[in-house]
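Visitor: here is my input; please provide its structure:
(chains A and B)
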Number of protein chains: 2
Amino acid sequence: MDQVVAENGVQQVELLTAVNDDHGGVIVEMKEPMDSEVFLSRLRASISKWKLQGKKGVWIKLPVGLVNLVEPAVKEGFWYHHAEPHYLMLVYWIPETANTIPANATHRVGVGAIVMNDKKEEKSGKFQGTGVWKIPTGVVDEGEDIFAAAAREVKEETGVSDETDDVFVLHFLPICITDRSEMMGIYYFRSTAEFVEILAFRQFHKSFFDKSDLFFLCMLHPLSFDIQKQELEIEAAQWIPFEEYAAQPFTQKHSLFKYISEICLAKVERDYVGFTPLPITSFFDDRVSYLYLNNHDLSR
Amino acid sequence: MDQVVAENGVQQVELLTAVNDDHGGVIVEMKEPMDSEVFLSRLRASISKWKLQGKKGVWIKLPVGLVNLVEPAVKEGFWYHHAEPHYLMLVYWIPETANTIPANATHRVGVGAIVMNDKKEEKSGKFQGTGVWKIPTGVVDEGEDIFAAAAREVKEETGVSDETDDVFVLHFLPICITDRSEMMGIYYFRSTAEFVEILAFRQFHKSFFDKSDLFFLCMLHPLSFDIQKQELEIEAAQWIPFEEYAAQPFTQKHSLFKYISEICLAKVERDYVGFTPLPITSFFDDRVSYLYLNNHDLSR
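Guide: Coordinates of the predicted model:
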């Protein structure tokens, strides 16, 4: 190579393969292994070209297998933008102006699902006079809608899936309600449920390192429902009156649980209204997303 | 060093400095530069010790200046957890069991702020008969509460701060309402405002790469308010009736904007109720976080 360069008097360096992004920048998605020196020379030549082209942000996505290319990129002025288990995203800003690189994700999103029979079903269903509260919880997957995550968690944690009819033990205390006299206990559940609304949500900071959590308390309506007392923990499965539940030091001390029980009571007794999802189309393309709002007040 | 090792017959390797986390793991926060070979040997020795101690997750935080240590860590089995401009967080799981490493953040959180005079002020204020809608938007900073971000954005974008009395041009079309006859135009605003409630929120996927956005539409009440028509763009500043605004192809086509105007109308005419923040204490410690709920329905 050196000889070729000498003969031509011009250095022939291949450029990195890049695609344009929607904001005047380029994205380099490295896939094949590359020697770090080769990468460095190609990166330098590519940046020179992008500079001439007036490009702004430069993104380099490095799979974990190409970890040898992290150091040369950083030494050329790239910094970390975000990382997932299988890749690291680096970014660089070419113009002299302040960069408009988008912020990194700051929040994890979780859901808690309360499954409740409505009053009519309470009076006619198998468990006459009872509405049953349960709170499976979980993390919203990347790209998953909140309402979909809530329904999935109910299905997963109550053990009803397409593959199996097994019923798993629940790792929480469901609260059961008989009109105004609420009860709680530990039960087996079988349930599939449809999303009704978001009752409330909580923002909590520094949940891990400097990241925050948003936890959405969702209400669902059971489509199928079966409940069995759990034989193994019979002691914990006794019914207790709501007043006794609410008066427990645990409930009283932790305002989150106190509010949850108050919201549930307000839902049953006073038609508490939360936010329901409505599909909306994107400003930029035809993608559907969801707007959660008080549809009761909007529609009346 | 080699000679000392030979005399003792035992290799003396320093260990990495680590602190315990709350989940049976350890956190190594690297601060000083280190040769990558030295780091590798200390890392191996440290992992052996942690294994004997029954430790689970191992976190290594590497500032961008110590990029030379990324490759040895990955080659020892570490993977990326998350990254910020100034550091990379790597993680490793010692036990044979499935790892319980927490998920990475998946969402950016944004706010849009509608500042509205209440009806009484509309009739007595400087702009009699007008309630004024404006929507400054912005990203919620790491560790920032949604309601605080909304108030900050209003203050920043309307140019009223402790440092300066400058008033900046707004980069959006505020909508002004005269009872049932809504208007819009481009104006200068001076305003500080207090948070009232979250009217609605939107979840939107793949907003950048695989991350999602949560956008909270907030309503604020002006504490101070001053409005001036923007001289430079006088053409755009004309008032138009709400019906004309709502009938625009732009508004009709984009359901988000349509819903926003409908929610604003419902707020003025039919007392639409959103979610307000209530302080709650943490389950684990005394830290305060906020639960957003329909306090109107909860309190009545």
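Visitor: wait, does the lengthiest strand in chain A contact chain B?
Guide: Taking DSSP state E as the criterion, chain A has its longest strand at strand A:187-208. Yes. Judged by CB under 8 Å from any CB of the partner chain, strand A:187-208 comes into contact with chain B at A:199-208. No exception for glycine: its C-beta is placed from N, CA and C like everyone else's.
Visitor: run a quick neighbour tally on the residue nearest to A:Arg287 when sequence neighbours are not counted.
Guide: Once flanking residues are discounted, A:Arg287 sits nearest to A:Thr281: 7.2 Å by CB to CB, 6 or more residues apart in numbering or on different chains. When neighbours are defined as other CB atoms under 10 Å in any protein chain shown, A:Thr281 has 14 of them.
Visitor: point out the residues in the stretch 1-150 of chain A that sit beside chain B.
Guide: Residues of the stretch 1-150 of chain A lying near chain B by CB under 8 Å from any CB: A:64, A:67-68, A:70-71, A:74-75, A:79-89, A:102-109, A:139-143, A:145-146.
Visitor: if we go to 7 Å?
Guide: A:64, A:67-68, A:70-71, A:74, A:79-85, A:88, A:102-109, A:139-140, A:142-143, A:145-146 (CB under 7 Å from any CB of the partner chain).
Visitor: for ChimeraX, what selects the buried ones among the residues you listed?
Guide: To isolate the buried ones among the residues of the stretch 1-150 of chain A next to chain B in ChimeraX, judged by 16 or more other CB atoms under 10 Å in any protein chain shown, type:
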select /A:64,67,68,70,71,74,79,80,81,82,83,84,88,102,103,104,105,106,107,108,109,139,140,142,145,146
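Visitor: okay, and which of the residues of the stretch 1-150 of chain A next to chain B map to helices?
Guide: A:70-71, A:74, A:146 (DSSP state H).
Visitor: which stretches of the stretch 101-250 of chain A have low pLDDT?
Guide: Within the stretch 101-250 of chain A, the stretches with pLDDT under 70 are A:116-135, A:157-192, A:224-250.
Visitor: going by proximity to chain B, name the top residue of it.
Guide: Among the residues of the stretch 101-250 of chain A, A:Ala200 lies nearest to chain B; the distance is 3.7 Å by CB to the nearest CB.
Visitor: now do the helices in chain A.
Guide: Going by DSSP H, chain A shows helices at A:2-8, A:36-52, A:70-75, A:119-124, A:146-157, A:242-247, A:249-253, A:255-270, A:295-299.
Visitor: so what's A:Ala148 closest to, chain neighbours aside?
Guide: A:Phe195 (7.8 Å).
Visitor: I figured the one you found hits A:Phe147, correct?
Guide: Yes. Contact criterion CB atoms under 7 Å: A:Phe195 and A:Phe147 qualify, at 4.0 Å.
Visitor: before we move on, back to that, show me what the longest strand of chain A is packed up against.
Guide: strand A:107-115, helix A:146-157, strand A:211-229, helix A:255-270, strand B:288-293 (3 or more CB pairs under 7 Å, 6 or more residues apart in numbering or on different chains; DSSP states H and E).
Visitor: residues contacting A:Thr276?
Guide: A:197, A:292, A:295 (CB atoms under 7 Å, 6 or more residues apart in numbering or on different chains).
Visitor: what would these look like in a markdown table with neighbour count and distance to B:Arg270?
Guide: Formatted as a markdown table, these follow (neighbours: other CB atoms under 10 Å in any protein chain shown; distance: CB to CB, whole Å):
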| residue | neighbour count | distance to B:Arg270 |
| --- | --- | --- |
| A:Glu197 | 22 | 19 |
| A:Tyr292 | 26 | 19 |
| A:Asn295 | 17 | 13 |
